[in-house]
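# What shape does this take:
(3 chains)
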Amino acid sequence: MKEPFIRWNWISGHLGEIGARTVQHLELTGIAVGVGFVIAMSLSILALRRRWTYSPITWFTGILYTIPSIALFALLVPITGLTILTAEIGLVSYTLLILIRNIVAGIDGVPAATRDAAVAMGYRPWRMFFEIELPLATPVIIAGLRIATVTTVGLVTLTALIGQGGYGYFINDGLRRFFNTPLFVGAALSVALAVALDVALVLVERALTPWRR
Amino acid sequence: MFRTPGSYDPYMSDPAIRLEQVTKVFPGGDGAAVNDLTLEMPSGQLTILVGPSGCGKTTTLRMINRLIEPTSGRIIVDGRDVASVEAHELRRGIGYVIQQVGLFGHRTVGDNIATVPRLLGWDDARIDARIDELMQLVSLDPGLVNRYPGELSGGQQQRVGVARALAADPPVLLMDEPFGAVDPIVRERLQDELVALQSRLHKTIVFVTHDVDEAIKLGDRVVLMNIGGVVEQAAPPAELLARPASDFVKQFIGARRGLRRLSLIKVTDVDLEQREGSALRLSPHDTLLDALDAMLRDHVNEADVHDDGRYIGTLTMERISSEVR
Amino acid sequence: MAAIVHWFTTAAHWHGPDGVPMRVLEHLELSGLAMVAATAAAIPAGILLGHTRRGGLFAISVVNIGRAIPSFAIVAVALPVSISLGLGLGFWPTFLAVFLLAVPPMFTNAYTAIGGVDPQIVDAARGMGLRERELLVGVELPLGAPVIMAAVRVAAVQVVATVPLAALVGWGGLGRFIIDGLAQYDMAQVFAGALLVAALAILTEVGFGLLEHVVLPPGVRRLSRAEAASTVV
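Numbering: from 1, shown residues only, chains lettered A, B, ... in the order given. From the prediction side, this is the model:
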């Protein structure tokens, strides 16, 4: 008898586990993007204040981005074990390049006249950064967050191989046991979550930028 | 700045601006952008810096509020060397208006205007009152206060820019080609409104332009600069037209200087005869140039000036030509 | 650490069907095939659509949707399909996954590279009497070439980096060392595999960089890594 593509009673029987894995997937994604954003923002501020650091920073984060995710996880396991930390180090590394590039591009995109006017009115650099430059850079920064988030959701599935997983657990499980249902369910949910978070971020952007309507 | 912003005291020490042997050399530049410039700008007057591209007029302007630091020399504003005051403090006491306006797109019109008052820590009630006052001053519909700059026309945006610069009532206002980006009709309106505003506020204004007609129209004193920040002539516009100091000045001003001098004088500024009876009527706002044009057109030698139906006097062709000598 | 050096110096690891050279070849075979197919699918289509300057929303959406679908999921889902179609285990599912990984960004970047050429230049060219094909080949393509080549470079590196997934579904490539090593608790092998993949990815980046030098017309610069980071979507 051929294995059907989906056994619906598996889904109904595993709702609890599906829920738990959803939470795990969200956690892994959230921590990665959150920590990544903080690090990226710090590095971006450095790159903006000292232009010469931009090249080395993008070079280094570019290398991190180039290292295949599986390889990076594999390289970390002997050092940090099959833990969340290993997964997060890898996941955070992949967010850095895109976030830094978008934060810097966003701030650079603030019109020169606006910057000139702000300085001429007596704004000091830090206050200007938070009150003028950052709000105006929000659309581009959120665009970067969207890309980083969607990519991370995809990468989290791979962490199933090093003991974490989220929806990747189902994909891996299905693969191991030649059992289609969890495989398809894991894949579908992963895509659905990526799309949902993307849409959520678009709504956040709309809320933060009332002047763009 | 040097006194509490928000108060204008005409009896305080002269808020003149003085540049003493100011030089600016840019690294990698071709010679000095501004070379040993000594210049004074009288208080309460509109001083124009005009000249060809590269003459250093914008550089000079931006050295006054230290957006550019001079290589050597001193700049004195209101009796104090600007280098002795902390730059950000200095700038909060000087208004600044630029061509592309530089409004904060993410803030409403009202919030834009409130920028410097907020930086200075004014309380909300005072800020709100000031916003209303300023919007009236620059002829902006008060209904626009909660709109975003992106929703306004070019002319409206520039009015917000001017209001924003005046918000903390600075004694000095710097303007860098502020009306260059709008169409000629709007530009003329804004110019007229600036003149009206100035007659009420008596700020010390330094206004940069490359348009000599704008300079002549707006300036109490026009400083014509040449490459390297060299002052070719600094004088009231009528004198610039009547007695240009060099060939460069003559060329820069352009043709028909005589006629343009006429455009500076209103019909009510000269002696009028008292013998009503001409078919041609003029209004008190007309200039001698307008009058001359009308007389030539109608083939007459005199015209009556009426203010809202009330006869004031008669202007003769003779009177016009005597003014040009 | 010593174990890793030992692993690399063991002769047996360099011979036979499980040896490093063989695995590298397998890896390159799959990567190369997928890149050729993806480039053929994505670049001409992106260029042509970009030239018409229509369908912008579609072009941007393609890359967003592509990003939302994890390669791991594609490989896993394609496996049972591949088996039922009689196409065997790991090769084709992985091929499909990296093909679908490479196409969207190359398509969208080709679109924006061509469509994003300064409209004033395009206008001037048309005004001079250039026909559409001459405009595309003579003006838009050379001007858009750096971004397109950078996008191909980035895609190639991502493909090489993702092919290790093939090892999860019964095929070869450098991923085998990682997966087998994890299964056998042979960390030296895992590490060695990871290093090899990383090295190959970096070599790909450098290799394509050199290719850009050769292929791009003089007067049109290739994008540095920082610039590629800024423009490649």
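# all contacts plus neighbour counts: C-alpha atoms, from now on.
Noted.
# Of all the residues in chain A, which one is nearest chain B?
A:Thr114 (3.9 Å; CA to the nearest CA).
# Next, the buried residues of the longest helix along chain B.
Longest helix in chain B by number of residues, with DSSP state H as the criterion: helix B:184-201. The neighbour-count check on helix B:184-201 (16 or more other CA atoms under 10 Å in any protein chain shown) flags B:187, B:190-191, B:193-195, B:198 as buried.
# just stretch A:107-114 next, same as before
Buried residues in stretch A:107-114 (16+ other CA under 10 Å): A:107, A:110-111, A:113-114.
# Just the endpoints, please. Distance across stretch B:62-80?
In stretch B:62-80, first residue to last residue: 17 Å (CA to CA, to the nearest Å).
# Stretch B:226-234 now?
One end of stretch B:226-234 sits 12 Å from the other (CA to CA).
# average pLDDT for it?
For stretch B:226-234, the mean pLDDT works out to 91.
# now that stretch, how far from the centre of its chain.
19 Å (CA atoms, centre = their mean, to the nearest Å).
# Stretch B:309-317 now?
31 Å.
# Quick one: residues in contact with it.
Residues outside stretch B:309-317 that contact it (CA atoms under 8 Å, 6 or more residues apart in numbering or on different chains): B:267, B:271-276, B:278, B:292, B:295, B:301-306.
# Name the residues of it that are buried.
Taking 16+ other CA under 10 Å as the criterion, stretch B:309-317 shows B:312-317 as buried.
# likewise stretch C:14-26?
Buried residues in stretch C:14-26 (16+ other CA under 10 Å): C:18, C:20-24, C:26.
# for the helix or strand harbouring C:Phe208, packing partners?
Per DSSP states H and E, C:Phe208 falls inside helix C:187-215. Where contact means 3 or more CA pairs under 8 Å, 6 or more residues apart in numbering or on different chains; DSSP states H and E, helix C:187-215 is packed against helix A:54-66, helix A:69-80, helix C:2-9, helix C:141-162, helix C:175-183.
# other SSEs contacting the first one?
With contacts defined as 3+ CA pairs under 8 Å, 6+ apart, the secondary structure elements packing on helix A:54-66 are helix A:15-49, helix A:84-108, helix C:141-162, helix C:187-215, helix C:225-231.
# Distance to A:Ala200 and mean pLDDT for the ones you listed - can I get that in JSON lines?
Shown next, in JSON lines, are the helices and strands packed on helix A:54-66 (distance: least, CA to CA, whole Å; pLDDT from 0 to 100):
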{"stretch": "helix A:15-49", "distance to A:Ala200": "13", "mean pLDDT": "94"}
{"stretch": "helix A:84-108", "distance to A:Ala200": "18", "mean pLDDT": "93"}
{"stretch": "helix C:141-162", "distance to A:Ala200": "27", "mean pLDDT": "89"}
{"stretch": "helix C:187-215", "distance to A:Ala200": "34", "mean pLDDT": "87"}
{"stretch": "helix C:225-231", "distance to A:Ala200": "24", "mean pLDDT": "59"}
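# now these as CSV including distance to C:Thr9?
CSV is the format used below for those (distance: least, CA to CA, whole Å):
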stretch, distance to C:Thr9
helix A:15-49, 37
helix A:84-108, 28
helix C:141-162, 24
helix C:187-215, 11
helix C:225-231, 34
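# Go through those and name the closest to B:Pro117.
For B:Pro117, the closest of those is helix A:84-108, at 25.3 Å, according to CA to CA.
# by contact count, what packs against that closest one?
Looks like helix A:84-108 contacts helix A:15-49, helix A:54-66, helix A:69-80, helix A:134-158, helix C:225-231 (3+ CA pairs under 8 Å, 6+ apart).
# Could you export the ones you listed as TSV, including mean neighbour count and distance to C:Gly66?
Formatted as TSV, the helices and strands packed on helix A:84-108 follow (neighbours: other CA atoms under 10 Å in any protein chain shown; distance: least, CA to CA, whole Å):
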stretch	mean neighbour count	distance to C:Gly66
helix A:15-49	18	18
helix A:54-66	19	18
helix A:69-80	22	18
helix A:134-158	23	10
helix C:225-231	18	18
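# Compare the helices and strands packed on helix C:187-215 and give me the one nearest A:Glu131.
Closest to A:Glu131 of the helices and strands packed on helix C:187-215, according to CA to CA: helix A:54-66, at 23.2 Å.
# Tell me if the longest helix seen in chain C is near chain A.
Longest helix of chain C, by residue count under DSSP H: helix C:20-52. No: using CA under 8 Å from any CA of the partner chain, helix C:20-52 stays clear of chain A, with a minimum separation of 13.2 Å.
# what distance separates that helix from the centre of its chain?
Distance of helix C:20-52 from the chain centroid (CA atoms, centre = their mean) equals 6 Å.
# Whether the helix or strand following that helix contacts chain A - can you check?
Sequence order places helix C:56-68 as the next helix or strand after helix C:20-52, per DSSP H and E. Yes: applying CA under 8 Å from any CA, one finds helix C:56-68 touching chain A at C:64, C:67-68.
# got a winner among these for most neighbours?
Tallying neighbours with other CA atoms under 10 Å in any protein chain shown puts C:Arg67 at the head of the residues of helix C:56-68 next to chain A, with 25 neighbours.
# OK, contacts around that one?
C:Arg67 touches A:147, A:150-151, A:154, C:101, counting by CA under 8 Å, 6+ apart.
# Check C:Ala201 too.
Applying CA under 8 Å, 6+ apart, we find C:Ala201 in contact with A:66-68, C:157-158, C:160-161.
# swap the cut-off to 6 Å and go again
For C:Ala201, the contact set (CA atoms under 6 Å, 6 or more residues apart in numbering or on different chains) comprises C:157, C:160.
# need the residues of chain A near chain C, please.
A:58, A:67-68, A:71, A:75, A:101, A:150, A:154, A:187, A:191, A:194 (CA under 6 Å from any CA of the partner chain).
# can you redo these as TSV with distance to B:Glu177?
Formatted as TSV, the residues of chain A next to chain C follow (distance: CA to CA, whole Å):
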residue	distance to B:Glu177
A:Thr58	39
A:Ile67	52
A:Pro68	54
A:Ala71	59
A:Leu75	60
A:Arg101	35
A:Val150	47
A:Gly154	53
A:Ala187	60
A:Val191	54
A:Ala194	50
